[in-house]
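Return atomic coordinates for the entry below.
(chains A, B and C)
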Amino acid sequence: MYTMEIKYEHGDTVLKNAPDFKLRHIFDCGQTFRFGENPDGSYSGAAGSRALKISERGNDIVLHGISENEFTGFWHDYFDLGRDYGKIKKTLSENDDIMRRASEYGFGIRILNQDLWEMIISFIISASNNIPRIKGIIDRLCRNFGDKLEYMGEEYFSFPAPERLAQLSETELSVIRAGFRDKYILDAARRISCGETSLEYIRSLPTPEAKAELMKIKGVGNKVSDCILLFGLGRADSFPVDVWIKRIMEYCYFKREASIGEVSELAREKFGVLGGYAQQYLFFWARDNKIGV
DNA sequence: CACCAGGCAAGCC
DNA sequence: GGCTTGCATGGT
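Just a heads-up that it's a prediction; the model follows:
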């Protein structure tokens, strides 16, 4: 186990020699849609109602304008810094050349601990969509219905609460151009807003029961619920099977076409409780190189 | 102009 | 149970 040194200087938080941490890997592996790369290579965006600019400086990671309190109270957990990803990669790579290559390629991936409500809406929007457009829809959602945030002299927007979206009509929501997903977003907002679905209750449930509860929301099916479990509830054994994962698993492991059920079953056998990490390494590797397309 | 995009719900058998 | 189809919008 390593111990990473953390320094607080000039109002910034600096992670010294941060291992297993690369911004492009973290923000371009399809787990969050609200961060973007700046011309200087830094990334900026927001999580819930907190904005962040973050950059790489040599082997260090700099969280700009983030105090010790903000770091220990939120961003430390957000970036999952208590977990040893070196150990995860080593375990996954034992007796598996595919995973060894995939985890070497996306060596700096970490699974972010994100807000449950934000994940529900984000992955409802992700269905039958492409990542650039998902980002655009979520940006318009926050810009139109979130609160304005001031950070580092720039303007960001919070992710709108269920109560805010629950009061909208489909016509009002149509400004975000989410297409047929409008009614699903409103169903989720209304269910949660009126208490028919309780996020804290879902959080307390074992994974299969939490999944069943999530799937009561319109627009949340097998794959979307697995993403919500993985990214919003910390259920690291979840292995969402989308078109990319299906394709690369067929190409690398099956050497033939396979059903979603077969892919899920093989993932459970091979990766077990580390399924979610394996999924992220595979997804980033496959998509970045268009493997199996 | 087809075809597809981190799927899902509803309607069939 | 499994299989098919329509779905809004925008990019290639």
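
Pick out the residue in the stretch 1-150 of chain A sitting closest to DNA strand C.
As assessed by Cβ to the nearest atom of the strand, DNA strand C sits closest to A:S128 within the stretch 1-150 of chain A, at 4.9 Å. Just so you know, the C-beta spots here come from the backbone N, C-alpha and C atoms, and that holds for glycine as well.

May I have the phi/psi pair for that residue?
phi 50, psi 50 (degrees, to the nearest 10).

ok, and what's touching stretch A:69-85?
Identification of contacts with stretch A:69-85 by Cβ atoms under 8 Å, 6 or more residues apart in numbering yields A:1-2, A:4, A:6, A:8, A:13, A:15, A:19-21, A:26, A:47, A:50, A:52, A:63, A:66, A:109-114, A:277.

do that again at 10 Å, thanks
Contact with stretch A:69-85 is made by A:1-2, A:4, A:6, A:8, A:12-15, A:18-21, A:26, A:32, A:47-48, A:50, A:52, A:54, A:61, A:63, A:66-67, A:90, A:103, A:107-115, A:234, A:236, A:277, as judged by Cβ atoms under 10 Å, 6 or more residues apart in numbering.

Could I get the pLDDT score of the residue in the stretch 151-293 of chain A that DNA strand B sits nearest to?
Here the residue of the stretch 151-293 of chain A nearest DNA strand B is A:G221; by Cβ to the nearest atom of the strand that distance is 2.6 Å. If you check A:G221, the pLDDT there is 98.

Same question for A:K290.
On pLDDT, A:K290 comes in at 84.

residues from chain A in reach of DNA strand B?
Counting by Cβ under 7 Å from any atom of the strand, chain A comes close to DNA strand B at A:29-31, A:126-131, A:133-134, A:180, A:215, A:217-225, A:227, A:240, A:242-245, A:279, A:283.

Name only those of those residues that count as buried.
Using 16 or more other Cβ atoms under 10 Å as the burial test, the residues of chain A next to DNA strand B include A:29-31, A:126-127, A:134, A:217, A:219-220, A:223-225, A:227, A:240, A:242, A:244-245, A:279, A:283 as buried.

returning to what we had before: touching, the residue of the stretch 151-293 of chain A closest to DNA strand B and A:M215? I think so.
Yes - if you go by Cβ atoms under 10 Å, A:G221 and A:M215 touch, sitting 6.5 Å apart.

Mark which of the contacts of stretch A:69-85 are buried, thanks.
By 16+ other Cβ under 10 Å, the contacts of stretch A:69-85 give A:6, A:12-15, A:18, A:20-21, A:26, A:32, A:47-48, A:50, A:52, A:54, A:61, A:63, A:66, A:103, A:107-115, A:234, A:236, A:277 as buried.

Just those residues: which are in helices?
A:26, A:103, A:277 (DSSP state H).

would JSON lines of those with distance to A:L199 and pLDDT be doable?
Putting these into JSON lines (distance: Cβ to Cβ, whole Å; pLDDT from 0 to 100) gives the following:
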{"residue": "A:I26", "distance to A:L199": "24", "pLDDT": "98"}
{"residue": "A:S103", "distance to A:L199": "32", "pLDDT": "98"}
{"residue": "A:Y277", "distance to A:L199": "24", "pLDDT": "98"}
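
And those residues, which is closest to A:L165?
When those are compared for distance to A:L165 (Cβ to Cβ), A:I26 wins out at 27.2 Å.
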